[in-house]
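Q: A predicted structure for the sequence below; I have some questions about it.
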Amino acid sequence: MEITSAPQVRLEPWAEGDFWLLRRTNSPEMTEHVGGPETEEQLVSRHQRYLTPEAGQMYRVTLADTGETVGSIGFWERVWQGATVWETGWGVLPEFQGRGLAAQAARAVTEAARAARTHRWLHAFPSTDHPASNAVCRKAGFRLLGPVRFEYPKGHWMESNDWRTDLEPGRG
């Protein structure tokens, strides 16, 4: 008899009232691998982009059983190596880390990007020195393409791993 577990997370579309979550994830601890905390002005601008993305979707990640917010994730367009692809990124609040929630959210956002039927590939670019985010990519079924020099945020270059998953139906 096969035993399956129900998903522990749900993705809720980003809403006006989610600005507090940007503030929570803007700590030095949470932004260590992505260039450090942003200014209040940068956070307000990010919140507006999340509310009205040109393409893609940002989400608040919640626990499926309680609705408690555990972090954020999304997908958006990026030109990468001459092609337009989806990119994803996430943040899980410290008190919820280490439970596999980010990997579940990454699998869910992969399905959301697949449902958009816009681009074939979804990429993630975690810093090479961030073992937890690289593990999320592996557990979510992304394939490691290798290290790359990556600009994030604008003006800040870092060594990242390029992880990719195929969004064509029936592919991983």
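A: Nice, thanks for sending it over. Numbering: from 1, shown residues only.
Q: flag every buried residue along the strand of greatest length in the chain.
A: Longest strand in the chain, counting residues (DSSP state E): strand 69-80. Within strand 69-80, the residues that count as buried by 16 or more other CB atoms under 10 Å are T69, V70, G71, S72, I73, G74, F75, W76, R78, W80. C-betas here are computed from N, CA, C, even on glycine.
Q: which among these gets closest to F142?
A: F75 (12.6 Å; CB to CB).
Q: for the closest one, what are its contacts?
A: G56, Q57, W86, E87, T88, V109, A112, A113, A116, L122 (CB atoms under 8 Å, 6 or more residues apart in numbering).
Q: and those residues, which of them are buried?
A: The neighbour count (16+ other CB under 10 Å) marks G56, Q57, W86, E87, T88, V109, A112, A113, L122 as buried among the contacts of F75.
Q: residue ranges for the helices of this structure, please.
A: 19-24, 28-31, 40-51, 101-116, 131-139 (DSSP state H).
Q: residue ranges with poor pLDDT in this structure?
A: Along the chain, segments meeting pLDDT under 70 span 1-6, 28, 33, 35, 169-172.
Q: quick one: strands adjacent to the longest strand of the chain?
A: Looking at strand 69-80 with DSSP bridges, its partner strands are strand 57-63 (antiparallel), strand 83-92 (antiparallel).
Q: and it with helix 40-51, angle?
A: 80 degrees (axes from the mean of the first three to the mean of the last three CA atoms, to 10 degrees).
Q: would you check how far apart the residue nearest the centre of the chain and T66 are?
A: Residue closest to the mean C-alpha point of the chain, counted by CA atoms, centre = their mean, is G89 at 2.2 Å. Distance of G89 to T66, given as CB to CB, to the nearest Å: 24 Å.
Q: ok, A55 next?
A: Taken as CB to CB, the span from A55 to T66 is 31 Å.
Q: related to what we said a few turns ago, quick check, nearest of the contacts of F75 to P13?
A: Of the contacts of F75, the one sitting nearest to P13 (CB to CB) turns out to be Q57, at 6.3 Å.
Q: specify the beta-bridge partners of the residue nearest to the closest one when sequence neighbours are not counted.
A: Among residues not flanking Q57 along the chain, G74 sits closest, at 5.9 Å (CB to CB, 6 or more residues apart in numbering). Per DSSP bridges, the residues bridged to G74 are M58, G89.
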